[in-house]
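Enquirer: Structure here, sequence nowhere to be found:
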């Protein structure tokens, strides 16, 4: 009888360092995503600390695949955005004096860059980036100009070799900051129309003695602006310049406020008109306001209405 000898080797991964998989993610080739910065038009009246613009960057594609274990995630601002403003928390310089930016993280959207943390991703799912939100702030006296281009942000993860590696960079292009030619001398204007006896009206569309007022602008430079008026809250106007009365306890009914130009022309809502065509340091838009019946029956009470004005510049 022959003896049969069976030889075997049992591999124990627990005792074999080569079988241990390092924590990390498959990153592939680092991606660069370009985006266009906005053209910001700043009201000179806005104080430091004010938000003067925003931008959303949609992050395209996955940031990493097949992550194992706990990995390090870092996001940093680079290039012209690398220096803290020293004025507002989480705000960084943009390269334009007086303008700072706050940037949300591409994986942790509730956090602002820079971020340095440890993540334990689900190994069965890719790491998907979130939209990056940019908030631009006035940090001081602004020197108008163009934003410097180039890389402004970098996002890094532990790769499959256990090293911190770049997964994504953001590159900015274009964009500028300008100061508005004109801004409102007063953002809130109250016009007192007084008390009117309903017997003073002679029918629908009639008015009583109007009250004069003016919207005043402070201007600089020589660029024209456009000013448009709207009924507050977007309330429809049955005819040009009609502002509905606000509802509420004790409010009058059957009546509205009619707003006209001082020369008697009706004020057309949501229709921009050009001003500051001659580089004037101040602009006054003279207007008239008066109560006017909208129906046969006018019920006494409080009559309040509101409209807004918007200044735009190309």
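Expert: Here it is on my side, so go on. The model shown is predicted, which means the values in this text are computed figures rather than measured ones.
Enquirer: okay, CA-based contacts and neighbour counts for the rest of this
Expert: Fine.
Enquirer: Residue 304 reaches residue 248, doesn't it?
Expert: No: if you go by CA atoms under 8 Å, residue 304 and residue 248 don't touch, sitting 10.0 Å apart.
Enquirer: Comparing the two, which residue is more hemmed in?
Expert: residue 304 (17 against 10; other CA atoms under 10 Å).
Enquirer: For the more buried one, which three-state class applies?
Expert: coil (DSSP: H, G, I helix; E, B strand; the rest coil).
Enquirer: State the distance from it to residue 154.
Expert: The gap separating residue 304 from residue 154 is 53 Å, by CA to CA, to the nearest Å.
Enquirer: now swap in residue 291 and tell me
Expert: 60 Å.
Enquirer: And those two? Which one has more around it.
Expert: residue 291 (27 against 21).
Enquirer: so how far is residue 208 from that one?
Expert: 7 Å.
Enquirer: who's in contact with the helix or strand that contains residue 102?
Expert: If you go by DSSP states H and E, residue 102 is part of strand 99-103. Strand 99-103 is contacted from outside by 81, 85, 90-94, 112-113, 132-140, 142, using CA atoms under 8 Å, 6 or more residues apart in numbering.
Enquirer: Need the buried ones from those residues selected in ChimeraX.
Expert: Selection of the buried residues among the contacts of strand 99-103 in ChimeraX, burial being defined by 16 or more other CA atoms under 10 Å:
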select :81,85,90,91,92,93,94,112,113,132,133,134,135,136,137,138,139,140,142
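Enquirer: State the pLDDT value of residue 240.
Expert: pLDDT, residue 240: 89.
Enquirer: From what I see, it and residue 269 are in contact.
Expert: Yes: at 6.6 Å, residue 240 counts as touching residue 269 under the criterion of CA under 8 Å.
Enquirer: Neighbour count for the two, which is higher?
Expert: Neighbour totals were compared for residue 240 and residue 269, and residue 269 leads with 22 against 14 (other CA under 10 Å).
Enquirer: picking that back up, distance between the strand holding residue 102 and the chain's centre?
Expert: Here strand 99-103 is found 12 Å from its chain centre; the criterion is CA atoms, centre = their mean, to the nearest Å.
Enquirer: same thing with stretch 39-49?
Expert: 13 Å.
Enquirer: Over to stretch 60-73?
Expert: That offset, for stretch 60-73, works out to 30 Å (CA atoms, centre = their mean).
Enquirer: Can you name the residues in contact with that stretch?
Expert: Stretch 60-73 is contacted from outside by 22-28, 115-129, 155-158, 164, 167-168, using CA under 8 Å, 6+ apart.
Enquirer: Please name the strands paired to the strand ranked longest in the chain in the sheet, noting orientation.
Expert: When the chain is scanned for its longest strand (criterion: DSSP state E), the result is strand 282-293. Strand 282-293 pairs in its sheet with strand 211-219 (antiparallel), strand 255-261 (antiparallel), by DSSP bridges.
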